[in-house]
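> okay, predicted coordinates and the sequence, questions at the end:
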Protein chains: 2
Amino acid sequence: MSNQVFVFDTTLRDGTQGEGVSFTAEDKIKIARKLDELGVHYIEGGNPGSNKKDIEFFERAKNLKLRAKVTAFGSTRRKDTIAEHDVNLNRIMESEVSTAALVGKSWDYQVTTALQTTLEENLAMIYDSFRYLKHKGMETIYDAEHFFDGFKRNPEYAIAAIRKAEEAGADWIVLCDTNGGSLPGEIAEIVAHVRTLVHTPLGLHPHNDCDLAVANTMAAVQAGVRQVQGTINGYGERCGNVNLCSLVPNLQLKLGYECFSDEQLALLTGSARFVSEIANVHMPVNQPYVGAAAFAHKGGIHVSAIMKDPKTYEHIAPELVGNKQRILVSELSGQSNIIVKAQEMKLNINLESSETRLIMNKIKDLEHQGYQFEGADASLELLLREGSGEIEEMFTLESFKVLVEKASSNGVKSEAIVKLKVRGQTVYMAAEGNGPVNALDRALRKALHQFYPQIEQMHMSDYKVRVLDEKDATAAKVRVLVESSGFGSTWSTVGVSGNVIEASWNALVDSIRYALIGRASASHLNNKLNQDRGLVNH
Amino acid sequence: MSNQVFVFDTTLRDGTQGEGVSFTAEDKIKIARKLDELGVHYIEGGNPGSNKKDIEFFERAKNLKLRAKVTAFGSTRRKDTIAEHDVNLNRIMESEVSTAALVGKSWDYQVTTALQTTLEENLAMIYDSFRYLKHKGMETIYDAEHFFDGFKRNPEYAIAAIRKAEEAGADWIVLCDTNGGSLPGEIAEIVAHVRTLVHTPLGLHPHNDCDLAVANTMAAVQAGVRQVQGTINGYGERCGNVNLCSLVPNLQLKLGYECFSDEQLALLTGSARFVSEIANVHMPVNQPYVGAAAFAHKGGIHVSAIMKDPKTYEHIAPELVGNKQRILVSELSGQSNIIVKAQEMKLNINLESSETRLIMNKIKDLEHQGYQFEGADASLELLLREGSGEIEEMFTLESFKVLVEKASSNGVKSEAIVKLKVRGQTVYMAAEGNGPVNALDRALRKALHQFYPQIEQMHMSDYKVRVLDEKDATAAKVRVLVESSGFGSTWSTVGVSGNVIEASWNALVDSIRYALIGRASASHLNNKLNQDRGLVNH
């Protein structure tokens, strides 16, 4: 058997059945281009029979000149009618795609309970639908719904269903683990058995309800399946479809199958982040292969080992999937983490000097107070540069006042006044805002703008608050993380205080200082660091 | 072989090596209680050799009277010394735990490159360390680091390492897939082989770098492993440890092994959410078994099918793991959730009345704005009671002002002024505080104290802030959860607003109203509700 495995991407169709995922037609066009660049073989764009957005997508997709085969999804014809009259099948044809994927029942219980028709009628529905579309010259894929559950309960009927599709000329038979409850051993066994009974090339469409979709798909491929249906980042109904970002590297780098070229595989991390940005779904930092922390090392012992040889704690070179190694600085770090960071930042740190020792102690002390430099590289860099005497003060705080007022009849108002000393001059500026932190941010920028107009090019793009030691609620410290964007990159800063306003102020000030000392300007290093955190779109 | 599999939870140790995860000693105590309730057999609390926080944890853990075995982590003695002089080993003993888990090298390359010592010295390190601790009466676990990579490259040495631990009397030998790069087939084969060479019971400690940790662990258990080391929600270095929330249901419900009792397994979802709240790490909605969307149905066809029979699209009954079915599109299901809550609270809700419909709509509207009544039962109850006309207004807000000031030479000051109408009188009161919310809280209480002296008996015991829609940083909404204690119980309230001060005000006001209408007085029901959410220490 050939080693080529075809990747069928259903991010734009099954992926949208996940909670919190919804794409406009424009979103789908953008993602389709990205998927095509990545190298997927099929892009299932949606269901033209049930969705105006999708009709628009298929219309526009005609102009994209994609290498991938744009595929329309639908189901076998409705019961008790004929294929020629089925609205959904006709919409699929009107979409003028090359390929159609039709889902049809293969579990007898589903036929009688959900469809409420006879077993024979269901087989006719399968046959008619595929005959119809094949006759019209389309490539056709049969998604045998609930195949594994159906096979376990009534194997004859499940086989009869897929044989009907084969008879009618279907080009692929995709076995679906629709409820996601099957195990790798069962999948492998059933796939091997099916291969003795049908000749049509097989695919798998698993779901991740047991956290086994990747393992199930690998077992299926090893048993002879040659099409895998999944989504970027594992989006999809309930626990999602199989995550292509885990599956493809496993198939290619671990098992020697061919899905994408090496250059395409290196686009994986960027593609995953691109799609998660558009979907506006939080991407877990610890996602395998493509997550921000997939090659991030925290424990001091791990870090000193990987400095000697990355293979000590990395199972593959991160660049193969477009990711990067990162060293995290935390209370678990030894000195080596901080030193590595300094080297990344191209700082000349003299490890022996007393200044270095002072900075190290200051950093550990701040961490003990609740500062967390993970995810706040810019604040860490400022500290390190200060320590080496590199930074001059761009401005100093004289005072600030923040006022929040609410009258029962009105909404709430927030104002801030900021008094700074900049280049020997006193500046006094006020601003309103959506909330106290927003007001303070705006007042600060107004005050600095006349001296540092470049400040206009940056803005706060993310804001996180964490209450530390919550049990001591009246004296709890607050940690604020601010992400700023501008100059073609993004950078993160941190502030800690018992007072959320002061903590926010500290993080804001760091974010501006970082930009003003010129570190934020698109530099190779910054962009690379920021790419790691998936913050730069490309 | 027995069907019992021992669950070794390392959320508090290996879990903290994940990016963004960090626990105080108090956090660890809370989580340890929860884990014990859940039924894990070992709780690895930390590393007393390297961490003051952990020394404190082990000290306090002595008073917890847990069923689980509290375990201290460390490594084999340093090279070129003796066990009796090793600081880390001695700290482990001083922690007075029953069980110690020591990591030691079993991959020759790691010995020479990372440890920079000889292969013989490493074997001596293993032997001496286990002999020492065993002699002191501890149960000992050998975490054979990089075992699978080591075995693949130099099987004799890897076996020699674990045999040394066995000779020295180790009670368990845990094979670690430290780099997370192994596949299920390899794991099964190697485990089966190891079982022919050592008699000591075996464990597995996988990592999720290939998205296969769950599959690897199941394969290992089927090959004879009887201890599984993992974390809640799969926290851990890089891509995390094996996610116990996926693994245990698979082992128990799919493969028939015994880990927890049925009642304990039903605590799984609550435990997962509890830990993620404390860790302040976003829990993916599509997480298998315990995720909010694990049994959530969106597609219209799925929904009508499951209305006929849930087995059509659910592989297990969600209640087995303490989760619940959800319908994402239909309004009907939203109502039933609220109705169930009302019944829980013993409210007489007339389902047909227009007031009820109004409340339902108001609640859905608030949820749409970001209110989440999970974990804020008191706010929900106030709404439901308001709707049935039960509640009279105890006080109304005329206005508040909050002022935060910082002068460069001093610290930061926070003051609040509150103007209320109480029983027809206008009350105007000011207070200072540690921060803006604390100042507001104190001013509010001062104002009410003269009318409602019982207010003195309650205080804010927990305060959480979550920024919603973080991507829209300048207009992001904030959700505040306040936990209050007093009258022998605790209760939680919520507030949402674009302004963190206003959101906090809303949650504070609800918390006081709840007490003032007499609902906070120690009621059986309150404590039970709060226990579920793990908010009451017991």
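Great, that's in hand.
> and the strands in the stretch 251-400 of chain A?
A:296-297, A:326-327, A:396-407 (DSSP state E, counting those that start in this stretch).
> quick check: which of these is buried the most?
Counting by mean count of other C-beta atoms under 10 Å in any protein chain shown, strand A:296-297 has the highest mean neighbour count of those, with a mean of 26. Where you see a C-beta, it was placed from the backbone N, CA and C, and this is true even at glycine.
> partners of it, with directions?
Sheet pairing of strand A:296-297 (DSSP bridges) gives strand A:326-327 (parallel).
> what's in contact with the strand it pairs with?
A:292-293, A:295-297, A:303, A:337, A:340-341, A:344, A:532 (C-beta atoms under 8 Å, 6 or more residues apart in numbering or on different chains).
> can I get the strands of the stretch 251-400 of chain A in TSV with mean pLDDT and distance to residue A:140?
Formatted as TSV, the strands of the stretch 251-400 of chain A follow (pLDDT from 0 to 100; distance: least, C-beta to C-beta, whole Å):
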stretch	mean pLDDT	distance to residue A:140
strand A:296-297	87	44
strand A:326-327	82	45
strand A:396-407	94	63
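> where does the stretch 251-400 of chain A have low pLDDT?
A:280, A:329-337, A:349-352, A:368, A:374-375 (pLDDT under 70).
> tell me which residue in it sits closest to chain B.
Distance from chain B to each residue of the stretch 251-400 of chain A (C-beta to the nearest C-beta) is smallest for residue A:315, at 2.8 Å.
> and that residue, what does it touch?
Residue A:315 neighbours (C-beta under 8 Å, 6+ apart): B:179-181, B:209-210.
> cool, residue A:43 as well?
Neighbours of residue A:43 in contact, by C-beta under 8 Å, 6+ apart: A:9, A:12, A:32, A:35-36, A:66, A:68-71.
> 10 Å instead, please
Residues in contact with residue A:43 (C-beta atoms under 10 Å, 6 or more residues apart in numbering or on different chains) are A:7-13, A:28, A:31-33, A:35-36, A:61, A:64, A:66-71, A:97, A:99.
> what do you get for residue A:178?
Here residue A:178 is in contact with A:103, A:106-107, A:110, A:143-150, A:205-207, A:209, A:237, B:302, B:312-313, B:315 (criterion: C-beta under 10 Å, 6+ apart).
> rewinding a little: which among the contacts of strand A:326-327 count as buried?
Among the contacts of strand A:326-327, the ones that count as buried by 16 or more other C-beta atoms under 10 Å in any protein chain shown are A:292-293, A:295-297, A:303, A:337, A:340-341, A:532.
> surely residue A:422 is in contact with residue A:447?
Yes. If you go by C-beta atoms under 10 Å, residue A:422 and residue A:447 touch, sitting 7.5 Å apart.
> quick one: which of those two has more around it?
residue A:447 (23 against 16; other C-beta atoms under 10 Å in any protein chain shown).
> which non-adjacent residue is nearest the more buried one?
residue A:429 (4.0 Å; C-beta to C-beta, 6 or more residues apart in numbering or on different chains).
> tell me, what's the model's pLDDT at residue A:180?
Predicted confidence (pLDDT) for residue A:180: 97.
> of the contacts of residue A:315, grab the buried ones for ChimeraX.
The buried residues among the contacts of residue A:315 can be selected in ChimeraX (16+ other C-beta under 10 Å) with this line:
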select /B:179,180,181,209,210
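> closest to residue A:265 among the contacts of residue A:315?
Set against residue A:265, the nearest of the contacts of residue A:315 by C-beta to C-beta is residue B:210 (14.7 Å).
> and the nearest residue to that closest one once chain neighbours are set aside, which of the three is it?
In space, and not counting its chain neighbours, residue B:210 is closest to residue A:250: 5.4 Å by C-beta to C-beta, 6+ apart. Put simply, residue A:250 is helix when judged by DSSP: H, G, I helix; E, B strand; the rest coil.
> mind checking how far residue A:250 is from residue A:217?
9 Å (C-beta to C-beta, to the nearest Å).
> try residue A:85
In terms of C-beta to C-beta, residue A:85 sits 37 Å off from residue A:217.
> hmm, back to that, sec struct for the residue nearest to residue A:447, please.
Residue A:429 ends up strand, using three-state DSSP.
> was I right about it contacting residue A:439?
No. Counting by C-beta under 10 Å, residue A:429 does not reach residue A:439; the two are 11.3 Å apart.
> now residue A:492. Its backbone dihedrals?
phi -120, psi 140 (degrees, to the nearest 10).
> likewise for the one 3 residues further on?
Torsion angles at residue A:495 (phi, psi; degrees, to the nearest 10) stand at phi -140, psi 140.
> identify the bridge partners of it.
On the basis of DSSP bridges, residue A:495 is bridged to residue A:480.
> can you count the residues close to residue A:389?
Per other C-beta under 10 Å, the neighbour tally for residue A:389 reads 8.
> which non-adjacent residue is nearest the residue in the stretch 151-300 of chain A positioned nearest to chain B?
Across the stretch 151-300 of chain A, the shortest distance to chain B (C-beta to the nearest C-beta) belongs to residue A:181, at 2.8 Å. Closest residue to residue A:181 apart from its sequence neighbours, by C-beta to C-beta, 6+ apart: residue B:315 at 2.8 Å.
> returning to that earlier point: in a helix, that's where the residue of the stretch 151-300 of chain A closest to chain B is, yeah?
No. Assigned with three-state DSSP, residue A:181 falls outside any helix and is coil.
> contacting residues for it?
Residue A:181 neighbours (C-beta under 10 Å, 6+ apart): A:148-149, A:152, A:207, A:209-210, A:212, B:250, B:253-254, B:311, B:314-316.
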